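Student: sequence unknown, structure follows:
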């Protein structure tokens with residue numbers, strides 16, 4: 001029997017998560033474990049210094065007091081403790097997880113945690129334009145249909161060990177999607193402004209802000225693929241795919257030997 005654990009970082013009440021569950025629930029056993037509050041951009045945080053709370057909101061839907069990776073652990077170690085899920089799917093995230101953003105992402109972290117325990121994992125995001133949130137509808141149904149088809153085709157069986165399949169879907173009606181392309185992570189440019197303010201007690205405080213300034217126009221990257229209206233698929237592996245550089249290790253090794261003398 002197909003068993004699916006759903007997680008996210010936008011919270012258990014997020015519309016993207018609800019839409020995803022609606023599109024998958026007839027395919028097998030679907031269980032949701034998601035944060036009770038929004039935990040966006042929290043990365044791969046785990047709660048080790050205080051207890052976790054698990055609240056059953058409705059049948060097979062649980063809210064967790066922790067972070068996205070905590071939710072995956074709770075699902076694997078508690079809800080599915082007797083039999084692992086077939087696949088963990090994290091999302092649908094409100095906003096892109098492209099380029100370097102994947103390192104901040106709680107959505108990706110929830111999926112990544114599953115790979116640590118030998119479970120296939122998919123992260124899925126809807127590429128919403130945060131600079132103009134009211135300009136168009138959020139097409140969560142488009143992303144949910146993409147994931148439903150991916151599950152039906154058993155794409156999760158093709159994911160390598162210790163690897164997350166990261167899927168980003170343009171915020172378009174399903175019929176307007178320009179196909180699917182495999183891509184490598186690109187690079188997104190932000191102004192990275194630090195805004196300085198003063199509270200009513202005349203104490204200084206700061207907001208990390210900045211605006212998105214577009215992406216590097218590099219072919220076959222996730223940022224470019226999505227910008228062209230296509231669904232982006234990327235493998236995110238904890239094992240480096242880069243060729244080793246023996247020269248670097250030799251330089252450092254020689255330096256350590258000299259230091260010892």
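Tutor: Done, it's in. All of these numbers come straight from a predicted model, not from anything done at the bench.
Student: Tell me where the stretch 151-261 of the chain has strands.
Tutor: Counting by DSSP state E, counting those that start in this stretch, the segments of the stretch 151-261 of the chain that form strands are 163-170, 180-182, 188-190, 194-198, 204-208, 212-215, 231-237.
Student: Pull out the buried residues from the second one.
Tutor: Taking 16 or more other CB atoms under 10 Å as the neighbour-count basis, strand 180-182 is seen to contain the buried residues 180-181. The C-beta positions use only the backbone N, C-alpha and C, and glycine is treated the same way.
Student: Rounded mean pLDDT for that strand, please.
Tutor: Averaging pLDDT along strand 180-182 gives 92.
Student: so can I have JSON lines of the strands of the stretch 151-261 of the chain showing distance to residue 258?
Tutor: Formatted as JSON lines, those follow (distance: least, CB to CB, whole Å):
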{"stretch": "strand 163-170", "distance to residue 258": "39"}
{"stretch": "strand 180-182", "distance to residue 258": "45"}
{"stretch": "strand 188-190", "distance to residue 258": "40"}
{"stretch": "strand 194-198", "distance to residue 258": "41"}
{"stretch": "strand 204-208", "distance to residue 258": "41"}
{"stretch": "strand 212-215", "distance to residue 258": "43"}
{"stretch": "strand 231-237", "distance to residue 258": "35"}
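Student: what residue ranges in this structure score low on pLDDT?
Tutor: Scanning the chain for pLDDT under 70 picks out 130-136, 188-192, 210, 212-216, 240-246, 248-249, 255-256, 261.
Student: Please give me every residue in contact with residue 170.
Tutor: Residues near residue 170 by CB atoms under 8 Å, 6 or more residues apart in numbering: 127, 142, 177-178, 226, 229-231.
Student: redo that, cut-off 7 Å
Tutor: Residue 170 sits next to 127, 177, 226, 229 when contact means CB atoms under 7 Å, 6 or more residues apart in numbering.
Student: Just list whatever residues bridge to it.
Tutor: Beta-bridge partners recorded for residue 170 (DSSP bridges): residue 127.
Student: Please, where are all the helices along the chain?
Tutor: 15-24, 68-74, 106-116, 140-152, 222-227, 246-260 (DSSP state H).
Student: what number of residues lie near the closest residue to residue 176 other than its chain neighbours?
Tutor: Among residues not flanking residue 176 along the chain, residue 229 sits closest, at 6.9 Å (CB to CB, 6 or more residues apart in numbering). When counting by other CB atoms under 10 Å, one arrives at 12 neighbours for residue 229.
Student: if I read this right, residue 229 contacts residue 178, doesn't it?
Tutor: Yes - with contact defined as CB atoms under 7 Å, residue 229 counts as touching residue 178 (3.8 Å).
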